[in-house]
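J.: I need the structure of the sequence given here:
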Amino acid sequence: MAPAALPSSAVSLRGAVALSGRFPLLAGVDLEVAVGETVLVEGPNGAGKTSLLRVCAGLVPLASGRLSVLGLDPARNRTTVRRRVGLLSHDSHLYDDLTVIENVRFAVRAAGGDTSRIDPACERWGLVGRLAKTPAGKLSAGQRRRVALAVLTARWPEVWLLDEPHAGLDAAARTLLDQAVLEAAAAGVTVLIASHESGPVEELAARAVTMTGGRVTAERSLVPPSTTKAPSVAPGIAPDVPGAAREDGRVAHVA
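T.: Next up, the predicted model:
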C-alpha cells in the first residue's frame, strides 16, 4: 500500500467563526498556510490573533466554517492534533509543584516526543544546574517563559503557534528564539507568529497577513528569511552566541 500523501496545507480555514458566548472571536477567517511556511499574523490588540492560534491548536472550537490542521479536523482528532502542534501562549502552562526539568520531561513524554531532546533544549535556554531543579512556582516571569520555550523546542512539533513570542524575553533570549524559529523552518516545520509589533519578527517570515475584527483583511509578501542566520546545530542545541543565559536567569555577555 502506498503511503498517505502529506497535505499541501498545514493549516486551512474557510469561513471560520469562533464565539465566546455571543461575542465573535473569529468572524469568518479564510487562511491557507502551506506545510513548512512561516507566516506572520499581525494586527492590533483585539484583532483576533490569539483566538486564531487557539483555534488552530484545538483549544477553541469553531461555531461554523471549516478547519484542517495537518489534514486533520481538531474537533475529531483532538489528541493527535495537540501532539503534533505546539502553542506558545501568554500562559506558560507549567505545573508549579514540578521542577523545571520535570515540567519539560512531562510535556515531552505526554506528547510522545523524543526524550533525547530534553537536555539539549534545557541547555539552550540556560535551564541547567540549580535552576533545572527549581520548582516552577518559584520562577520569575522571564524564567517561566524560557521553560515554555524549552518545552516547545524539546517537543519539536510539526506546527509552531507563537503568540507574541518575544514578550518577556531579554535580547539574548530573543536571539535564541529567532534562531530556533529559523532552524524549525529549515527543517520543514510550519510556524505561525502572532504579533502586534511586527518589526522584530518580519525577518523570520516570508508572508504576513493582517487581522482586523476577527477576519484576515490584508496580506503582504516579506523578504524571505535568510537561512544564513540559523546556526548549524541540531534542533534543541544551544548555539554559542553572545548573551547566552546563565542558570540564574541573568545574561552572561561574551566578548
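
J.: From here on, just use CA atoms for contacts and neighbour counts.
T.: Fine.

J.: mind listing the strands for the stretch 101-250 of the chain?
T.: 159-163, 190-195, 207-212, 215-221, 244-245 (DSSP state E, counting those that start in this stretch).

J.: Can you add mean neighbour count and give those strands back as a markdown table?
T.: A markdown table is the format used below for the strands of the stretch 101-250 of the chain (neighbours: other C-alpha atoms under 10 Å):
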| stretch | mean neighbour count |
| --- | --- |
| strand 159-163 | 25 |
| strand 190-195 | 26 |
| strand 207-212 | 20 |
| strand 215-221 | 15 |
| strand 244-245 | 22 |
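
J.: Now render those strands as TSV, adding mean pLDDT and distance to residue 50.
T.: Output for the strands of the stretch 101-250 of the chain, formatted as TSV (pLDDT from 0 to 100; distance: least, C-alpha to C-alpha, whole Å):
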stretch	mean pLDDT	distance to residue 50
strand 159-163	97	6
strand 190-195	96	7
strand 207-212	96	11
strand 215-221	96	12
strand 244-245	42	28
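
J.: Dump those strands to CSV, plus distance to residue 45.
T.: Shown next, in CSV, are the strands of the stretch 101-250 of the chain (distance: least, C-alpha to C-alpha, whole Å):
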stretch, distance to residue 45
strand 159-163, 12
strand 190-195, 9
strand 207-212, 9
strand 215-221, 13
strand 244-245, 30
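
J.: out of those strands, which comes closest to residue 134?
T.: With C-alpha to C-alpha, the closest approach to residue 134 among the strands of the stretch 101-250 of the chain belongs to strand 244-245: 16.1 Å.
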